[in-house]
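Participant: Prediction below, plus the sequence it came from.
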Amino acid sequence: MRYLNPHPQVDAPHGVKRQVLSENEMLMVVAFTFPTGGKGDLHNHPHHQSTYVESGRFTFSIDGEEFEVKTGDSFVIPSNAIHGCVCHEAGRLIDTFTPRRDDFL
């Protein structure tokens, strides 16, 4: 069994960088690095998601409700909720998905 499972960093839309940090069939941890002004387009997926703000400042929208988050904040995004974000101060988000997002592999 492999315990360390780093993947290469890849480009995502709007200047965002994505890197799968670890994963198995049931769980995935992903780092997203955002420049100021970067965004995550509104989308949804069947996975449950937890987001930790490692650094930066963001406005998130979940099912039409907007809120601001900053370094040290965390929150949960329910399965199939429509969500996205805008980065106001360059930073990094650590997202955990269950089950794994195979589309990121």
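Facilitator: Ah, there it is.
Participant: beta partners for residue 29?
Facilitator: Residues in a beta bridge with residue 29, per DSSP bridges, are residue 22, residue 96.
Participant: show me what contacts it?
Facilitator: Shown in contact with residue 29 (C-beta atoms under 8 Å, 6 or more residues apart in numbering): 20, 21, 22, 23, 94, 95, 96. The C-beta positions use only the backbone N, C-alpha and C, and glycine is treated the same way.
Participant: quick one, what contacts the fourth one?
Facilitator: Residues touching residue 23, when contacts are defined by C-beta under 8 Å, 6+ apart, comprise 5, 7, 29, 100, 105.
Participant: Repeat that for the first one.
Facilitator: By C-beta under 8 Å, 6+ apart, the contact set of residue 20 is 5, 6, 7, 28, 29, 30, 104, 105.
Participant: Number of residues surrounding residue 97?
Facilitator: Residue 97: 21 surrounding residues under other C-beta atoms under 10 Å.
Participant: Contact partners for it?
Facilitator: Per C-beta under 8 Å, 6+ apart, neighbours of residue 97: 27, 28, 30, 45, 47, 48, 49.
Participant: Any chance of JSON lines for the residues you listed, columns secondary structure?
Facilitator: Below are the contacts of residue 97 laid out as JSON lines (DSSP: H, G, I helix; E, B strand; the rest coil):
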{"residue": "27", "secondary structure": "coil"}
{"residue": "28", "secondary structure": "strand"}
{"residue": "30", "secondary structure": "strand"}
{"residue": "45", "secondary structure": "coil"}
{"residue": "47", "secondary structure": "coil"}
{"residue": "48", "secondary structure": "strand"}
{"residue": "49", "secondary structure": "strand"}
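Participant: Show me which pair in the residues you listed is furthest apart.
Facilitator: 27 and 45 (14.7 Å; C-beta to C-beta).
Participant: got the contacts of residue 20 as JSON lines, with pLDDT and distance to residue 64 columns?
Facilitator: Formatted as JSON lines, the contacts of residue 20 follow (pLDDT from 0 to 100; distance: C-beta to C-beta, whole Å):
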{"residue": "5", "pLDDT": "64", "distance to residue 64": "35"}
{"residue": "6", "pLDDT": "74", "distance to residue 64": "36"}
{"residue": "7", "pLDDT": "90", "distance to residue 64": "33"}
{"residue": "28", "pLDDT": "96", "distance to residue 64": "26"}
{"residue": "29", "pLDDT": "96", "distance to residue 64": "27"}
{"residue": "30", "pLDDT": "97", "distance to residue 64": "24"}
{"residue": "104", "pLDDT": "94", "distance to residue 64": "26"}
{"residue": "105", "pLDDT": "89", "distance to residue 64": "30"}
